[in-house]
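1. Here is my input; please provide its structure:
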Amino acid sequence: MKIMQLLPALNSGGVERGTVDLARFLVADGHQSIVVSSGGSMVNQLNAEGSVHIELPIHKKSIFSLLQVRPLREVITREKPDIVHVRSRVPAWLTYLAWRNLDPTERPRLVSTAHGLYSINPYSAIMAKTEQVIAISECVNNYLLENYASDLKRPPKVVYRGVDTDEFNPGVQPPESWYQKVHMEFPQLAGKRWLLLPGRLTRWKGQEDFINLIQQLVQSHSDIHGIILGGAEQNKQHYADELVQKIHSLGLGKHVTLTGHRNDIRHWYSASSLVYNLSRRPEPFGRTVIESAAIGTPIIGYNIGGPAESLNACFPQGLVDINDSEALFTRTQELLNDPEQKPQLSADFTLGRQAEHTIEIYKNLLTERTGASPSD
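-> Below you'll find the model as predicted:
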């Protein structure tokens, strides 16, 4: 098969990483892989792993982006992919407009992945208008069925995002040099049991709930230290300042640390006693949950959205009801007192299974047209 994936750009992010991961698996499985985007820092990796990158400015939410419909149609006509797979709304619109005027008997099958709980409007509806929609969780699947049923050509297929078990696994152990570097930067962490809340700094990610939890815990656990790992977006720095102020107003300056953004998150997972996902809004998926589970560190999270699905599959004893601060405190104490409880990563949340399932969907779409066996 020849697969063409389209997305706005190839810089850091979950959609970008998922695109590159799938491209690598496609090449390893003997397929041809093409990615169309406006470029970015991950292009070199993509090319090195055997895919072809085609640069087109398909990233801007602007009326002028419609000028890319004809060049995109020319690319599709020239490359003749079997599958065109769109992963974001602007590229999806441009691709749909380019694709719909091609000969229906010869054009590629059109697939989209819904990565989020998109706003409900005609602009977002494009993600449901393809021949097959992939949802990254049951949460997203239900959202599509509730809000975009009239746009769907058929029911979505759920393909969970997967964790790279070569990078995240129980054998991951931070080297002594890593601990030395961390302790030099954050000396207050030495000799403590770490509780970790990863995620960008934004009001609904649960950082304030986490700080309140640490305030309760340190009354009886002097060795506990809360770590908030994640950076603030440019327009959210004021919230980071609010968190620092809250920490100091509660007298927790020696018990809670904000590390900012980190590129070594797997070592933080491994070095922590517990990991938290306390998002107060339903999120489409819980990447921090499955990454922690793959490492083997217990996770506690609210029973809402995609993270709850991941927790239910990998570590159901970590689920607590949102707004139940007492349950959050009690569950934390239980797991701190019983460190033998470990999560088990479900096979459905591995990168390999994600790629296999996606390739199955591609083959089944092509089988519908040709009547051939899916194994052909």
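
2. I'd like the mean pLDDT over stretch 136-154, please.
-> In this model, stretch 136-154 carries a mean pLDDT of 96.

3. Burial check on Val15, number of neighbours?
-> The burial metric for Val15, expressed as a neighbour count using other CB atoms under 10 Å, is 18. Bear in mind the C-beta positions are built from the backbone N, C-alpha and C, glycine included.

4. buried ones in whichever strand or helix holds it?
-> Assessed by DSSP states H and E, Val15 sits inside helix 14-28. Using 16 or more other CB atoms under 10 Å as the burial criterion, the residues of helix 14-28 that qualify are 15-27.

5. Export the residues you listed as CSV, with columns for pLDDT.
-> CSV is the format used below for these (pLDDT from 0 to 100):
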residue, pLDDT
Val15, 89
Glu16, 90
Arg17, 88
Gly18, 89
Thr19, 94
Val20, 94
Asp21, 92
Leu22, 95
Ala23, 96
Arg24, 94
Phe25, 94
Leu26, 96
Val27, 97
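
6. wouldn't Thr350 be in contact with Thr165 here?
-> Yes - counting by CB atoms under 8 Å, Thr350 sits close enough to Thr165 to count as a contact (5.7 Å).

7. Those two: who's more crowded?
-> Using other CB under 10 Å as the criterion, Thr350 and Thr165 rank with Thr350 on top: 19 against 16.

8. how near is the more buried one to Asp21?
-> Taking CB to CB, to the nearest Å as the measure, Thr350 falls 11 Å from Asp21.

9. which neighbours do those two share?
-> Common contact partners of Thr350 and Asp21 (CB atoms under 8 Å, 6 or more residues apart in numbering): Gly162.

10. What are the boundaries of the helices in the stretch 201-350 of the chain?
-> Taking DSSP state H, counting those that start in this stretch to define them, one finds helices in the stretch 201-350 of the chain at 207-217, 237-249, 265-271, 287-295, 305-314, 325-337.

11. so which of these comes closest to Ile54?
-> For those, distance to Ile54 was read as CB to CB. The smallest value, 27.8 Å, belongs to helix 287-295.

12. Return the distance of stretch 298-311 from the chain's centre.
-> Distance of stretch 298-311 from the chain centroid (CA atoms, centre = their mean, to the nearest Å) equals 14 Å.

13. distance of Phe315 from Glu309?
-> From Phe315 to Glu309 the distance is 12 Å (CB to CB).

14. Ok, Pro91 next?
-> The value you get for Pro91 to Glu309, if CB to CB is used, is 27 Å.

15. more crowded one of these two?
-> The residue with more neighbours, out of Pro91 and Glu309 and counting by other CB under 10 Å, is Pro91; that gives 26 against 23.

16. and Thr367, what helix or strand is that in?
-> helix 351-370.

17. and Ala128, what does it touch?
-> With contacts taken as CB under 8 Å, 6+ apart, Ala128 has the following neighbours: Ser112, Ala114, Leu144, Tyr148, Asp151, Leu152.

18. Correct me if wrong: the second one contacts Pro156.
-> What it means is Ala114. Yes - counting by CB under 8 Å, a contact exists between Ala114 and Pro156, whose distance comes to 7.1 Å.

19. Pull up the overlap in contacts between the two.
-> With contacts taken as CB under 8 Å, 6+ apart, the residues that reach both Ala114 and Pro156 are Val133, Ile134, Ala135, Val140, Leu144.

20. which of the contacts of Ala128 tops the neighbour count?
-> Top of these by neighbour number is Ser112, holding 27 neighbours under the definition other CB under 10 Å.

21. now that one, nearest residue through space, not along the chain?
-> Once flanking residues are discounted, Ser112 sits nearest to Thr130: 4.2 Å by CB to CB, 6 or more residues apart in numbering.

22. And Leu22, by the same measure?
-> Closest residue to Leu22 apart from its sequence neighbours, by CB to CB, 6+ apart: Ala355 at 5.7 Å.
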